[in-house]
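# Model the following, please.
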Amino acid sequence: MEIENSKIIKNFRYISTLEIVFFTWLTCGLYGYYLLYKWIEVLNAVDEDSQICNPFIAVFISFFTCGLAFILFDFIIPDRAAYYTRKTKGSSNKRRDNLTPPIKDLPMIILMFNLFFVVFSSCIFLLSFSIVGLILWPPYFAIYFVFCIWANISMQRSIEYLLCIDRAYHV
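Have a look, this model is predicted:
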């Protein structure tokens, strides 16, 4: 399998870590929905025979399920990127020589952390009318926000690795 040079893939670019952190912070996390759209668009372009879904519908469903569908896409995107990377010779592809491969079990790590945060936020919600709940809300949201930024950066890097996008050429 060769990655075709479609217009969508050609327009996908390296995004710096600082840019992801800044825009995620500036938009209070809504930047993740933009990234979700771009990632699904690119993965659909890589293999038109087995598309994930329409990127607009993915964002719509994720937004209106208060992020629960986002958890599913947070698993599917790095999993599909790893699958396509293996189909395109993985790390033995010469175009990936200078690139850092993504974490081996990235999809499962992101899924487990997301599920942990859903369960933990449910527990905090039950405690929200107590002093314990009031104490736990701020650190919980800070930790979850940092996790979301890390997940966005990791998924972006896995797509860049798939497409052989080197940061040196895009700084």
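
# Quick one: low-confidence residue ranges for the protein.
1-8, 127-129, 132-134, 168-171 (pLDDT under 70).

# same thing but 50
Low-confidence segments of the chain, defined by pLDDT under 50: 171.

# Does anything pack onto the longest helix seen in it? Which helices or strands?
Identified as the longest helix of the chain according to DSSP state H is helix 131-162. Applying 3 or more C-beta pairs under 8 Å, 6 or more residues apart in numbering; DSSP states H and E, one finds that helix 131-162 makes contact with helix 17-26, helix 31-46, helix 68-87, helix 106-126. Placement of C-beta: from N, CA and C, glycine included.

# So which bits of that helix are buried?
136, 140, 144, 148-162 (16 or more other C-beta atoms under 10 Å).

# returning to what we had before: can you put the helices and strands packed on helix 131-162 in a markdown table and add distance to residue 167 and mean neighbour count?
Putting these into a markdown table (distance: least, C-beta to C-beta, whole Å; neighbours: other C-beta atoms under 10 Å) gives the following:
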| stretch | distance to residue 167 | mean neighbour count |
| --- | --- | --- |
| helix 17-26 | 9 | 14 |
| helix 31-46 | 17 | 21 |
| helix 68-87 | 17 | 20 |
| helix 106-126 | 18 | 15 |
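
# which one of those helices lies closest to residue 99?
helix 68-87 (10.3 Å; C-beta to C-beta).

# The closest one to helix 106-126, inter-axis angle?
170 degrees (axes from the mean of the first three to the mean of the last three C-alpha atoms, to 10 degrees).

# Send me helix 68-87 as PDB with only the CA atoms.
Extracted as PDB, the C-alpha positions of helix 68-87 are listed here (Å, rounded to 0.1, in the frame of the first residue of the first chain):
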ATOM      1  CA  LEU A  68     -18.200  10.500  25.000                       C
ATOM      2  CA  ALA A  69     -18.000   9.700  21.300                       C
ATOM      3  CA  PHE A  70     -14.600  11.500  21.300                       C
ATOM      4  CA  ILE A  71     -13.400   8.700  23.500                       C
ATOM      5  CA  LEU A  72     -14.100   6.200  20.700                       C
ATOM      6  CA  PHE A  73     -12.400   8.300  18.100                       C
ATOM      7  CA  ASP A  74      -9.500   8.800  20.400                       C
ATOM      8  CA  PHE A  75      -9.000   5.100  20.200                       C
ATOM      9  CA  ILE A  76      -9.800   4.600  16.500                       C
ATOM     10  CA  ILE A  77      -7.500   7.400  15.200                       C
ATOM     11  CA  PRO A  78      -4.200   6.200  16.600                       C
ATOM     12  CA  ASP A  79      -5.200   2.600  16.000                       C
ATOM     13  CA  ARG A  80      -5.900   3.200  12.300                       C
ATOM     14  CA  ALA A  81      -2.800   5.300  12.000                       C
ATOM     15  CA  ALA A  82      -0.700   2.500  13.400                       C
ATOM     16  CA  TYR A  83      -2.400   0.000  11.100                       C
ATOM     17  CA  TYR A  84      -1.700   2.100   8.000                       C
ATOM     18  CA  THR A  85       1.800   2.700   9.100                       C
ATOM     19  CA  ARG A  86       2.400  -1.100   9.300                       C
ATOM     20  CA  LYS A  87       0.900  -1.400   5.800                       C
END
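
# Good, wrapping up.
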